[in-house]
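Chemist: What would the 3D arrangement of this be:
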Amino acid sequence: MTSKLDGKVALVSGSGRGIGRAIALKLASEGARVVVNDLDAAPAEDTVAAIRAAGGEATACVGSVTATDFAERFVGTAVETYQGLDIIVNNAGYTWDTVIQKMTDEQWYAIIDCHLTAPFRILRAAQPVIKGLHKADLEAGRVTTRKVVNISSVAGLFGNAGQTNYAAAKAGIVGMTQTLAKEWGRMNTTVNCVAFGLIQTRLTAATSDNSTANIEGREIKLGVNPGLMAAMEQTIPLGRAGTPEDAAGAVYLFCQPESDYVSGQTLMCTGGLTGI
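Modeler: Numbers count the residues shown, from 1 in each chain. Okay, here's the model as predicted:
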């Protein structure tokens, strides 16, 4: 039995930790060769090592998705290392929350740049490559369906107090998805979106301390008060927060051949929660 993604080449941004790591491992387990990305070298190389240890192929492209030269470097890594590009998952991100009257321009642009501008640049850089690959497929009589999966959030669909920047960016990625589904259909490329609800990561872990993570020189608060986390989980019909593996499974639905005629869609991965 062959794996469903044998021979495919996948880019997964923000895949050194959490959801992105689970996505990279899932795609690799189905045969994809994965370009792993993280801000820091250590988690990126750790994901690469885990994929290789399981018999898969992976390489790292370390750096910030917001860097002006990152998109070309990311796409170029796939082409130079694996001579192809079949799947793009725009996953990298974090939150930096406060109510609008306290939100600085720096907070606004940091989140917009990470969640909306970075995917735009990656997809812009990928377009000539995908166009060329599609032309080669046509000339060779091959039919290849390529995939883009953008990551949104229920905050982008319904809003969420304290997340004007994040909600705006995640709403924007839905519009980008729908637009590129129309533009890229002629290249036999599907473009879809997964909107996550509450998923367990270091950013959302239940914690009562004041732990932070340094993200591009900024100390970003990690975790959610345990009482608030318990209350949030009670609103989820399935009764629990999702795991990174749950999230990866939803992304994989759009990457497998069975979804080759699905494009321009946003799938909510929320455990049944339909609003926040």
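Chemist: tell me which element Gly264 is part of?
Modeler: Under DSSP states H and E, no helix or strand contains Gly264.
Chemist: Count the neighbours of it for me.
Modeler: 16 (other C-beta atoms under 10 Å). Bear in mind the C-beta positions are built from the backbone N, C-alpha and C, glycine included.
Chemist: now swap in the one 3 residues further on and tell me
Modeler: As a burial measure, Leu267 scores 18 neighbours (other C-beta under 10 Å).
Chemist: when you give positions from now on, start the count at 15
Modeler: Renumbered: residue one is now 15, and that last one reads Leu281.
Chemist: hang on, it in a helix?
Modeler: No: judged by DSSP: H, G, I helix; E, B strand; the rest coil, Leu281 forms no part of a helix; its state is strand.
Chemist: List the contacts of it.
Modeler: Each residue near Leu281 by C-beta atoms under 8 Å, 6 or more residues apart in numbering is listed here: Asn206, Cys207, Val208, Ala209, Ala264, Leu267, Phe268.
Chemist: Would you mind naming the residues that bridge with the second one?
Modeler: Counting by DSSP bridges, Cys207 forms beta bridges with Asn164, Thr280.
Chemist: returning to what we had before: can you convert the contacts of Leu281 into JSON lines and add a column each for pLDDT, distance to Ala92 and neighbour count?
Modeler: Output for the contacts of Leu281, formatted as JSON lines (pLDDT from 0 to 100; distance: C-beta to C-beta, whole Å; neighbours: other C-beta atoms under 10 Å):
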{"residue": "Asn206", "pLDDT": "98", "distance to Ala92": "20", "neighbour count": "23"}
{"residue": "Cys207", "pLDDT": "98", "distance to Ala92": "21", "neighbour count": "27"}
{"residue": "Val208", "pLDDT": "98", "distance to Ala92": "21", "neighbour count": "27"}
{"residue": "Ala209", "pLDDT": "98", "distance to Ala92": "26", "neighbour count": "23"}
{"residue": "Ala264", "pLDDT": "98", "distance to Ala92": "23", "neighbour count": "21"}
{"residue": "Leu267", "pLDDT": "98", "distance to Ala92": "22", "neighbour count": "15"}
{"residue": "Phe268", "pLDDT": "98", "distance to Ala92": "18", "neighbour count": "24"}
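Chemist: Nearest to Ser166 among those residues?
Modeler: The nearest member of the contacts of Leu281 to Ser166, counting by C-beta to C-beta, is Ala209 at 4.2 Å.
Chemist: which SS class is Gly146?
Modeler: Gly146 carries the three-state label helix when classified by three-state DSSP.
Chemist: who's in contact with the residue nearest the centre of the chain?
Modeler: With distances taken as C-alpha atoms, centre = their mean, the chain has Asn105 as the residue nearest its mean C-alpha position (1.7 Å). Counting by C-beta under 8 Å, 6+ apart, Asn105 makes contact with Val26, Ser27, Gly28, Ser29, Ile33, Gly34, Ile37, Ile165, Val265.
Chemist: What is the burial count for Ala269?
Modeler: Rather than Ala, residue 269 is Cys. 27.
Chemist: CA atoms only: put stretch 78-96 into PDB for me.
Modeler: Provided in PDB are the C-alpha atoms of stretch 78-96 (Å, rounded to 0.1, in the frame of the first residue of the first chain):
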ATOM      1  CA  SER A  78      11.000  34.600  10.600                       C
ATOM      2  CA  VAL A  79       8.100  34.500   8.100                       C
ATOM      3  CA  THR A  80       7.900  38.200   8.300                       C
ATOM      4  CA  ALA A  81      11.400  38.800   6.900                       C
ATOM      5  CA  THR A  82      11.200  40.400   3.500                       C
ATOM      6  CA  ASP A  83      13.400  37.800   1.900                       C
ATOM      7  CA  PHE A  84      11.800  34.800   3.700                       C
ATOM      8  CA  ALA A  85       9.200  33.800   1.100                       C
ATOM      9  CA  GLU A  86      11.700  33.400  -1.800                       C
ATOM     10  CA  ARG A  87      14.100  31.500   0.500                       C
ATOM     11  CA  PHE A  88      11.300  29.200   1.700                       C
ATOM     12  CA  VAL A  89      10.000  28.400  -1.700                       C
ATOM     13  CA  GLY A  90      13.500  28.100  -3.100                       C
ATOM     14  CA  THR A  91      14.400  25.500  -0.400                       C
ATOM     15  CA  ALA A  92      11.600  23.300  -1.700                       C
ATOM     16  CA  VAL A  93      12.700  23.700  -5.300                       C
ATOM     17  CA  GLU A  94      16.400  23.400  -4.800                       C
ATOM     18  CA  THR A  95      16.200  20.400  -2.300                       C
ATOM     19  CA  TYR A  96      13.300  18.400  -3.800                       C
END
